[in-house]
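Visitor: Sequence first, predicted coordinates after that:
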Amino acid sequence: MPTYNEAPNVAELVRRVAVAVERLDAVRDAEIIFVDDSTDDTPDVIREVAATSSLPVRLIHRTVHTGGLGGAVIEGMRAAASDSCLVMDGDLQHPPEEIPALVERFGAGDVDVVVASRYAGGGTAHGLADRTRVLVSKVSTAITKSMFPVRLRDITDPMTGFFLISRSAIDLDGLRPRGFKILLEILVRRAYRVAEIPFHFADRHAGESKASVRQGVHFLTQLTALRFGKMSLFAVIGGLGAVANILIVWALTQWGVDYIVAAIIAAEATIIGNFLLIERFVFSDMRGQASGVWSRFAKSFAFNNAEAVIRIPIVALMVESGHISAVVATAITLVVAFVVRFVFHSLVVYAPRKAGPTTPVRATMEKLDEQAMQPGEL
């Protein structure tokens, strides 16, 4: 349990974990390890609770917070007596009552990781503070899955902090934790046998949420570092297309063509050009398992045209109402559209066809995906 200023939650957390573990006949030895980065009295509270707990409670209080929350999880795994390590937050938004379900599924012996998911089956994310955080969570998950469409294909909640994993399946030395999404860091490094169980993300028991803009920046940094290669190449091609688009708009408007007509011509030309380039250089490792080339082209062409139908009126509004030049307005809207395009192409255009988890195609795709991400390791 990585903790940061969670003193009000410790006693209730330990009590409920102990009750949950008592329900597991198969668990003979269990311990709770707090890896604590707190600046308040949380370490003292943990020691006090440990003195009366029915489960052994250990405290690792870090003064150097290497790797943030992810680094704390890795340090706890290294210190654990057991090979089976269950990770959960210290704010009780991960209900300890779900521990038996995680352990029992793991006990089947056919998986390396059991993920407690907010988005699988009957899972919910009601504990998120408001609709904005729910939206941010879902958008972040979609973007993450779009960056790793093969490795995260069957995982609905790759950014949960509630999971059980076999320590022997992880290359702890190969991990580079740099934020609070340690499960994502683990899952995209190599292929694992993964199962999910749904859970209800609860309200915080006490204290304040640690979510912040700074954490958002850390997440984006982590995501970029993990999948820098594929998305950066998509960005380069998108950038070339944007330059071409702007040049076409500039040239046509210089020749007296109305800027709306110029924008339409530029959009159609760059849509086709971009598709040919991303086919060859960005998603070449996913074509074999995706739909046929004409189907991919139709999806890409239709989406980009729909995006253009939305974007071009915005360009017109910016030009007419905001008194911005057609070139600048086009450039701004193309930048905004980049992320949406990448997500759609990863999750829809190049979505893998259904295939059994042990097929040669799947194994080959996973190997290709592993190779494709290597240039992005920072």
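Guide: All right, it came through fine. Numbering: from 1, shown residues only.
Visitor: Nearest the middle, which residue of this structure would you pick?
Guide: Nearest residue to the geometric centre of the chain (CA atoms, centre = their mean): Thr144, 3.7 Å.
Visitor: Which helix or strand lies directly C-terminal to the helix or strand harbouring Ser295?
Guide: Taking DSSP states H and E as the definition, one finds Ser295 inside helix 293-320. For helix 293-320, the following helix or strand on the C-terminal side (DSSP H and E) is helix 326-344.
Visitor: what is the rounded mean pLDDT of stretch 108-117?
Guide: Model confidence over stretch 108-117, given as mean pLDDT, is 93.
Visitor: ditto for stretch 66-79
Guide: Averaging pLDDT along stretch 66-79 yields 88.
Visitor: So which bits of that stretch are buried?
Guide: 67-77 (16 or more other CB atoms under 10 Å). To be clear about C-beta, it is placed using only N, CA and C from the backbone, and glycine gets the same treatment.
Visitor: Could you check how far that stretch is from the centre of its chain?
Guide: Relative to its parent chain, stretch 66-79 has a centroid offset of 19 Å by CA atoms, centre = their mean, to the nearest Å.
Visitor: tell me which strands and helices the host helix or strand of Met77 is in contact with?
Guide: Element membership for Met77, per DSSP H and E: helix 68-79. If you count contacts as 3 or more CB pairs under 8 Å, 6 or more residues apart in numbering; DSSP states H and E, helix 68-79 packs onto strand 2-3, strand 32-36, strand 57-61, strand 84-87, helix 182-189.
Visitor: Just put the ones you listed in CSV and tack on mean neighbour count and distance to Phe199.
Guide: Converted to CSV, the helices and strands packed on helix 68-79 look like this (neighbours: other CB atoms under 10 Å; distance: least, CB to CB, whole Å):
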stretch, mean neighbour count, distance to Phe199
strand 2-3, 26, 18
strand 32-36, 23, 19
strand 57-61, 17, 23
strand 84-87, 20, 13
helix 182-189, 23, 14
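Visitor: Columns distance to Ala235 on top of the ones you listed, output as CSV?
Guide: Below are the helices and strands packed on helix 68-79 laid out as CSV (distance: least, CB to CB, whole Å):
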stretch, distance to Ala235
strand 2-3, 33
strand 32-36, 36
strand 57-61, 40
strand 84-87, 33
helix 182-189, 19
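Visitor: how about the ones you listed in CSV, adding mean pLDDT?
Guide: Below are those laid out as CSV (pLDDT from 0 to 100):
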stretch, mean pLDDT
strand 2-3, 91
strand 32-36, 94
strand 57-61, 94
strand 84-87, 95
helix 182-189, 84
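Visitor: So for Val249, which of these sits nearest?
Guide: Taking CB to CB, helix 182-189 is the member of the helices and strands packed on helix 68-79 nearest to Val249, at 38.2 Å.
Visitor: Before we move on, what's the pLDDT of the residue nearest to the centre of the chain?
Guide: What the model reports as pLDDT for Thr144 is 77.
Visitor: Sticking with it, tell me its helix or strand.
Guide: helix 131-147.
Visitor: now that helix against helix 182-189, angle please.
Guide: 20 degrees (axes from the mean of the first three to the mean of the last three CA atoms, to 10 degrees).
Visitor: Let me see the residues that make contact with the helix or strand just after helix 131-147.
Guide: Going down the chain from helix 131-147, the next helix or strand is strand 163-166, by DSSP H and E. If you take CB atoms under 8 Å, 6 or more residues apart in numbering as the criterion, strand 163-166 is touched by 83-87, 102-103, 106, 112-116, 183, 186.
Visitor: same thing but 6 Å
Guide: 83, 85-87, 102, 106, 112-115, 183 (CB atoms under 6 Å, 6 or more residues apart in numbering).
Visitor: same question, stretch 24-33
Guide: Here stretch 24-33 makes contact (CB under 6 Å, 6+ apart) with 21, 55-58, 76, 100, 103.
Visitor: let's go with 8 Å and repeat that
Guide: Against stretch 24-33 from outside (CB under 8 Å, 6+ apart): 1, 14, 17, 21, 53, 55-60, 76, 79-82, 99-100, 103-104, 107.
Visitor: tell me the domain ranges of the chain?
Guide: 2-226, 228-376 (automatic domain parsing).
Visitor: Select from those the stretch with the lowest mean pLDDT.
Guide: Ranked on mean pLDDT, the bottom entry among the domains of the chain is domain 228-376, at a mean of 79.
Visitor: Distance to Ala337 for the contacts of strand 163-166 - can I get that in TSV?
Guide: Output for the contacts of strand 163-166, formatted as TSV (distance: CB to CB, whole Å):
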residue	distance to Ala337
Asp83	47
Cys85	42
Leu86	41
Val87	37
Leu102	40
Phe106	42
Asp112	38
Val113	35
Val114	38
Val115	32
Leu183	30
